[in-house]
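Q: everything below, folded, please.
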Amino acid sequence: MKKVKTNKEKERFKVVVAMSGGIDSSVAAALLKRKNFEVMGVFMKLVDLPSFRNNEKIAKKVAEILKIKFLVLDLRKEFKKRVIDYFLREYKKGRTPNPCIVCNKEIKFGLLLEKALSLGFDFVATGHYVLKREIENKNSKIIYKLFRAKDKEKDQSYFLWQLNQKQLKHILFPIGDYTRKEVENLARKFKLPVLKAKKSVEICFIQTIIDDFLKKYLKEALGKIIDKNGKVIGKHQGLWFYTIGQRKGIGLPGGPYYVLEKDLKRNFLVVTKEEKDLYKKALICENVNWISGKKPKLPLKIKAKIRYRQNSTSAIIKKLKVKKYKLIFKRPQRAITAGQSVVFYKGQNLLGGGIIC
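A: Numbering: from 1, shown residues only. Take a look at the predicted model:
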């Protein structure tokens, strides 16, 4: 790892902090400065929206208060190609994507990390609530592991299952060992102008509801709505405007109805009045990543999450003949959705994850 010398001849690590203008990344930068890292804040310009322009101003102000270098990195073209286009492609295929996970892999810990290393920095740091640990195995090799954050309500390990050992070697998560309340207190202590900042939205490039965003890019494709017995009971505007488990916005009288399935071949939206129909005990996933770089011995008892805001649940993971895995849950799970991520844990340790197919 490259180090630089100060006037006192003490070596310091150099770190780029991805600064969003929010409280978490701002405090992350302040903590690293306090630990004597040579810190440079980087604001990534991803889209042309008023909220991003305002956040850039706040991030710059924080950098001035902390007396650290500050750089604006224009990644709008790359973000459009790697994240937004992916998002639209997945919806067009009838799947429900998770752009935050792709952004972490492709942008924050992809392009930004590459840029930082090319400039001679040792690390990239973010304001994610997650813990990273270095474990020495029996061959004296360092293995980087991720664990759930101290603040279980804020834990963001779910979004980081695609990271690998090469990336983790150069990544820091300074606030993983703090609660949100402690982070707020630190922001006051460092006198950072971020306590009144608006909380980040679920999808940063969508300022309205998802349907309105999709209608800008995906044309309507009218089709039939059928119940689980095959009876036609209505019409839909396009399968990409619906997701499994959805109850509102279906537009059928006599409900509530729930979206049960999307039949792409026939362009049918399958609905049910029985919420119990949404519960399934197994799923198949693909594009699986094991953070350690080594597949564990299978079958394996794990804890799994099929969406971010959900408690993990017991499951057994098995390898199938093709490049896919099967998860069998102890208890049936509601609205298992193609395109979403299923993430694997062993205790507090994040093992990896895959895409539900």
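Q: average pLDDT for stretch 218-230?
A: Predicted confidence along stretch 218-230 averages 94 (mean pLDDT).
Q: so where do the strands sit in the stretch 251-357 of the chain?
A: Defined through DSSP state E, counting those that start in this stretch, the strands belonging to the stretch 251-357 of the chain, from first to last, are 258-263, 268-272, 279-290, 300-305, 313-319, 324-334, 341-346, 349-356.
Q: the ones you listed: which one's closest to Arg89?
A: Arg89 sits nearest to strand 349-356 of all these, at 13.1 Å, using C-beta to C-beta. C-beta coordinates here come from the backbone N, C-alpha and C atoms, glycine included.
Q: which strands or helices does the closest one pack on?
A: Here strand 349-356 is seen to pack against strand 142-148, strand 279-290, strand 341-346 when contacts are counted using 3 or more C-beta pairs under 8 Å, 6 or more residues apart in numbering; DSSP states H and E.
Q: so which of the ones you listed is the most packed in?
A: Taking mean count of other C-beta atoms under 10 Å as the contact definition, the stretch among the helices and strands packed on strand 349-356 with the greatest mean neighbour count is strand 341-346, which reaches a mean of 23.
Q: contacts for that one?
A: Taking contacts as C-beta atoms under 8 Å, 6 or more residues apart in numbering, the residues outside strand 341-346 that touch it are 98, 101, 148, 157-158, 161, 283, 285, 302-306, 312, 317, 327, 350-356.
Q: same thing but 6 Å
A: Where contact means C-beta atoms under 6 Å, 6 or more residues apart in numbering, the residues beyond strand 341-346 that reach it are 98, 101, 158, 161, 285, 302-306, 312, 351-354, 356.
Q: count of neighbours near Lys196?
A: When neighbours are defined as other C-beta atoms under 10 Å, Lys196 has 7 of them.
Q: which strand or helix spans Ser25?
A: In this assignment (DSSP states H and E), Ser25 forms part of helix 23-34.
Q: buried ones in that helix?
A: The neighbour-count check on helix 23-34 (16 or more other C-beta atoms under 10 Å) flags 23-33 as buried.
Q: which one of these sits closest to Glu114?
A: Each of these was scored against Glu114 by C-beta to C-beta, and Ser25 proved nearest at 19.2 Å.
Q: quick check: closest non-adjacent residue to the closest one.
A: The spatial neighbour of Ser25 that comes closest, neighbours along the chain excluded (C-beta to C-beta, 6 or more residues apart in numbering), is Gly127 at 3.6 Å.
Q: swap in Val194?
A: Distance criterion C-beta to C-beta, 6+ apart; nearest residue to Val194, sequence neighbours excluded, is Ile23 at 4.4 Å.
Q: ok, that neighbour touching Ala187?
A: Yes - the pair formed by Ile23 and Ala187 meets the contact definition of C-beta atoms under 6 Å, at 5.4 Å.
Q: now the helices for the stretch 101-250 of the chain?
A: Per DSSP state H, counting those that start in this stretch, the stretch 101-250 of the chain has helices spanning 112-118, 165-168, 180-189, 210-217. These are given in chain order.
Q: nearest to Tyr91, of those helices?
A: Tyr91 sits nearest to helix 210-217 of all those, at 6.0 Å, using C-beta to C-beta.
Q: so where's the stretch 201-350 of the chain shaky on pLDDT?
A: Counting by pLDDT under 70, the stretch 201-350 of the chain has low-confidence residues at 201.
Q: any of the contacts of strand 341-346 buried? List them.
A: Under a neighbour-count criterion of 16+ other C-beta under 10 Å, the subset of the contacts of strand 341-346 counted as buried comprises 98, 101, 158, 161, 285, 302-306, 351-354, 356.
Q: which member of these is positioned nearest Lys231?
A: Distance to Lys231, by C-beta to C-beta, is smallest for Ile356 among the buried ones among the contacts of strand 341-346, at 28.1 Å.
Q: and that closest one, what are its bridge partners?
A: Each beta-bridge partner of Ile356 is listed here, defined by DSSP bridges: Cys285.
Q: correct me, but it touches Gln333?
A: No - checked against C-beta under 6 Å, the pair Ile356 and Gln333 is beyond contact range at 10.4 Å.
Q: just to revisit the earlier point, tell me the pLDDT of the residue nearest to Val194.
A: Predicted confidence (pLDDT) for Ile23: 96.
Q: now Leu195
A: Here, the pLDDT recorded for Leu195 equals 83.
Q: pretty sure Ala221 sits against Gly238.
A: Yes - applying C-beta under 6 Å as the test, Ala221 and Gly238 come out as touching, 4.3 Å apart.
Q: so which of these two has more stuff around it?
A: Taking other C-beta under 10 Å, Ala221 and Gly238 do not tie; Gly238 has more neighbours (20 against 13).
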